[in-house]
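A.B. asks: sequence first, predicted coordinates after that:
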Amino acid sequence: MRALLGTAAGAFFTSFERPPSVGLRVNTLKLDPASLTRLTGWQLAPLPWTAAGFTMTHDDAAAIRPGRHPWHDTGLFYLQDPSAMAVAEALAPQPGEWILDLAAAPGGKATHLASLLRGRGLLVANDPHPSRIQSLGRNLERCGVAGAVVVQASVARLAERLGPSFDRVLLDAPCSGEGMFRKSAQALTDWSETTVHACAGRQAHLLADAARLVRPGGRLGYSTCTFAPEENEQAITGFLGSHPDFELEPVSLPGSTPERPAWAGQSPTSALHLERSVRLWPHLAEGEGHFMAIMRRSSEHAPVPPRSERSAARELPTRAKVLWRAFVAETLRRDPAEGLVVALQKDRLMAVPANLPSFRGVRTLRSGLWLGTLKKDRIEPAHALALACPAETFLRRLDFAPDDPRLSAYLHGHPLEEPGPDGWLAVTVTGFPIAWGRRNRGIVQNAYPKGLRKR
């Protein structure tokens, strides 16, 4: 790094002696960024590369503990490294597009991509690791993401099964993690030059497979949280050299610096335009550092394949239709599945996009929004449905301030005494749903999922 950075190396190394930045990204599916400061009163500093991103001081974060705050449980924000928020902005998905996040767990970039889609289009969030996939599903659920499919497969398997189906594909590649040194002692322990070269080899294969999933005219985003040129500039140079149908698009993000083609090695030609990719450095901007490159696939020699016209589900059984309509009439002001196809997956009622690619042969953990579970004579609503609906959707609500001890009791799993009409209601925090409750004779029975309850 001293050889690469020259006189800037001192500032770079000094940055590792400071405490890491605490980043907070507003979930714009539920709240506009300007409202968060008014709602919370927290001291937040805006980030230059995304209107939804902020930082707070290390001391403030330690005092507030935003990750344990009820507003976090409602999905109003996601705690994320500041520099990691830049990648989704650079990829710039448009509402209505099909987006694929290939290494999505635990969900920071996936939930950001979903917020930029604004509830329109399709997000496929994949992670090949069984130990990480559950956290991905929970974070998508918490953030109220409805039109998402969560899958677990290798990139090669997805390319084989889905082909060039996606408008934008993000490969946030597994890397040597040099950008995690401030946050993780394990990252320091695991690092070696051998690891850097092993990661670079794996990244080359992942990029080649990821390219097979991009539609003609679509974009492939590549990012890492490491500083090694072997995993960044050299990875892009190798990919572009073997994929002439891709070219770098300019990335312009405030606070970023353009790439240095000289770091790519072996005298890369200027025609590759490596300066169009960018880095965020921990000594020049907030966050731990990131590399980003966006590559567009040419549509000159390959026709754009049509979207799938496959129906997302078979006709819903009459009994399930009747019970769902009855639940909506008794509990909600509008049908949250409007515009989607309601499907029965085993005993789960799901709302899925009308046309989906076939995921046959790919392990699918979630497809669309889980509405509820079909019981003998009723629908039991899913926690995901409560978090996906704005408060005004519910006919009955029970609202609390975040510091109300009754809310704390509920989140610990206790029932509440509250007079009112029987039936399902939304438990909300300053107007934002956090859970279901079911009132019976003045007692609100606790429906907060056991795995989420406070201890």
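C.D. replies: On my side now, so go ahead.
A.B. asks: the nearest residue to H383 once chain neighbours are set aside - how many residues pack around it?
C.D. replies: Leaving out its chain neighbours, the residue that sits closest to H383 by Cβ to Cβ, 6 or more residues apart in numbering is P449, at 5.2 Å. (Glycine included, C-beta is placed from N, CA and C.) Around P449 there are 15 other residues, counting by other Cβ atoms under 10 Å.
A.B. asks: quick one: pLDDT of P449?
C.D. replies: Model confidence at P449, given as pLDDT, is 96.
A.B. asks: please tell me I have it right and it contacts P381.
C.D. replies: No: contact between P449 and P381 fails when scored by Cβ atoms under 8 Å: they sit 11.9 Å apart.
A.B. asks: just to revisit the earlier point, and the residue nearest to H383, how far from S223?
C.D. replies: From P449 across to S223, the span is 32 Å (Cβ to Cβ, to the nearest Å).
A.B. asks: and what of W370?
C.D. replies: Look at W370 and S223: by Cβ to Cβ, they are 30 Å apart.
A.B. asks: the more surrounded of the two?
C.D. replies: Using other Cβ under 10 Å, the more surrounded residue of W370 and S223 is S223, with 25 against 21.
A.B. asks: hang on, the more buried one in a strand?
C.D. replies: Yes: using DSSP: H, G, I helix; E, B strand; the rest coil, the assignment for S223 is a strand.
A.B. asks: please list all residues in contact with it.
C.D. replies: S223 is in contact with V87, L170, L171, D172, A173, H290, F291, M292, A293, counting by Cβ atoms under 8 Å, 6 or more residues apart in numbering.
A.B. asks: in strands only, show me these.
C.D. replies: Among these, the residues falling in strands (DSSP state E) are L170, L171, D172, H290, F291, M292, A293.
A.B. asks: what's the closest of the residues you listed to W42?
C.D. replies: Nearest to W42 out of the ones in strands among the contacts of S223 is H290 (Cβ to Cβ; 24.6 Å).
A.B. asks: let me know the pLDDT of the closest one.
C.D. replies: pLDDT at H290 comes out at 95.
A.B. asks: and the strands in the stretch 301-450 of the chain?
C.D. replies: In order along the chain, the stretch 301-450 of the chain carries the following strands (DSSP state E, counting those that start in this stretch): 341-345, 348-352, 363-367, 369-374, 379-381, 397-400, 416-417, 423-429, 432-440, 443-446.
A.B. asks: which secondary structure elements does the first one contact?
C.D. replies: Contact analysis of strand 341-345 by 3 or more Cβ pairs under 8 Å, 6 or more residues apart in numbering; DSSP states H and E lists helix 318-331, strand 348-352 as its packing neighbours.
A.B. asks: got the buried residues for the first one?
C.D. replies: Neighbour-count burial for helix 318-331, with 16 or more other Cβ atoms under 10 Å as criterion, is recorded at A320, L323, W324, F327, V328, T331.
A.B. asks: from P421, how far out is the second one?
C.D. replies: This points to L323. 20 Å.
A.B. asks: neighbours of L407, how many?
C.D. replies: Burial measure for L407: 21 neighbouring residues, criterion other Cβ under 10 Å.
A.B. asks: ok, F394 next?
C.D. replies: F394: 20 neighbours (other Cβ under 10 Å).
A.B. asks: what sits against it?
C.D. replies: Going by Cβ under 8 Å, 6+ apart, the list of residues near F394 reads T331, L332, R333, L425, A426, P433.
A.B. asks: go on, A337?
C.D. replies: A337 makes contact with W324, A351, L369, L371 under the criterion Cβ under 8 Å, 6+ apart.
A.B. asks: can you do 10 Å?
C.D. replies: A146, W324, V328, A343, L349, M350, A351, V352, G368, L369, L371, L385 (Cβ atoms under 10 Å, 6 or more residues apart in numbering).
A.B. asks: so the fifth one touches V341, yeah?
C.D. replies: So the one you mean is L349. No: under the criterion of Cβ atoms under 10 Å, L349 makes no contact with V341, lying 11.2 Å away.
A.B. asks: give me the common contacts of the two.
C.D. replies: By Cβ under 10 Å, 6+ apart, L349 and V341 have these common neighbours: L316.
A.B. asks: those two: which is more packed in?
C.D. replies: The neighbour count for L349 versus V341, taken as other Cβ under 10 Å, is higher for L349 (26 against 19).
A.B. asks: leaving out sequence neighbours, find the closest residue to the more buried one.
C.D. replies: In space, L349 is closest to L371, 4.4 Å off (Cβ to Cβ, 6+ apart).
A.B. asks: pLDDT averaged over the lengthiest helix in the chain - what is it?
C.D. replies: Of all segments of type helix in the chain, defined using DSSP state H, the longest is helix 193-211. What helix 193-211 shows for mean pLDDT is 97.
A.B. asks: list the buried residues of it.
C.D. replies: T195, V196, C199, A200, Q203, A204, L206, L207, A208, D209, A210, A211.
A.B. asks: next: stretch 68-85.
C.D. replies: Residues of stretch 68-85 classed as buried by neighbour count (16+ other Cβ under 10 Å): 69-78, 80-85.
A.B. asks: that older thread, just the closest of the ones in strands among the contacts of S223 to I64, please.
C.D. replies: Using Cβ to Cβ, the ones in strands among the contacts of S223 come closest to I64 at H290, 25.4 Å.
A.B. asks: tell me who's in contact with that closest one.
C.D. replies: 49, 81-87, 90, 172, 179, 223-227, 232, 253, 256, 278-282.
A.B. asks: what about those residues, which are in strands?
C.D. replies: Short answer: these in strands (DSSP E) are D172, S223, T224, V278, R279, L280.
A.B. asks: mind putting these into CSV with pLDDT and distance to V155?
C.D. replies: CSV is the format used below for the ones in strands among the contacts of H290 (pLDDT from 0 to 100; distance: Cβ to Cβ, whole Å):
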residue, pLDDT, distance to V155
D172, 98, 12
S223, 98, 15
T224, 97, 15
V278, 92, 24
R279, 92, 24
L280, 93, 25
